[in-house]
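Asks: mind looking at a prediction? Sequence and model below.
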Amino acid sequence: MMNILGTLFVGLIVGFLARALKPGDDRMGWIMTALLGVAGSFLATYLGVAMNWYQQGDAAGWIASVVGAIVLLFIYGLIRRKA
């Protein structure tokens, strides 16, 4: 239970950092921001393992997680514009 709460807390911080660093207006609440940060961390970890930057089971670092969340923010913006 504490591991899930810790992951969501880190995801919230990563999501807020990504939203602060990416230019533009991203209208989403803090729950979506936390989910964005967690998804960015998973994306960064998956890509890092695929490119042999991380070993299987290692988590991505803060910078990679924020970059992953920024990538997801750009994708989210593209999808939202089309809808």
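Replies: Ah, there it is.
Asks: which strand or helix spans the residue nearest the centre of the chain?
Replies: Ranked by distance to the mean C-alpha position of the chain (C-alpha atoms, centre = their mean), the top residue is residue 40 at 2.2 Å. Using DSSP states H and E, residue 40 sits in helix 30-50.
Asks: ok, now residue 18?
Replies: Going by DSSP H and E, residue 18 is in helix 2-21.
Asks: neighbours around the closest residue to residue 49 other than its chain neighbours, how many?
Replies: Counting by C-beta to C-beta, 6 or more residues apart in numbering, residue 56 is the residue found nearest to residue 49 once chain neighbours are left out, at 5.8 Å. Heads up, the C-betas are built off the backbone N, CA and C, glycines and all. Using other C-beta atoms under 10 Å, residue 56 has 6 neighbouring residues.
Asks: residues in contact with the residue lying closest to residue 12 once chain neighbours are set aside?
Replies: Nearest-residue entry for residue 12: residue 34, 4.0 Å, with adjacent residues in sequence omitted and distances by C-beta to C-beta, 6+ apart. Counting by C-beta atoms under 8 Å, 6 or more residues apart in numbering, residue 34 makes contact with 8, 11, 12, 15.
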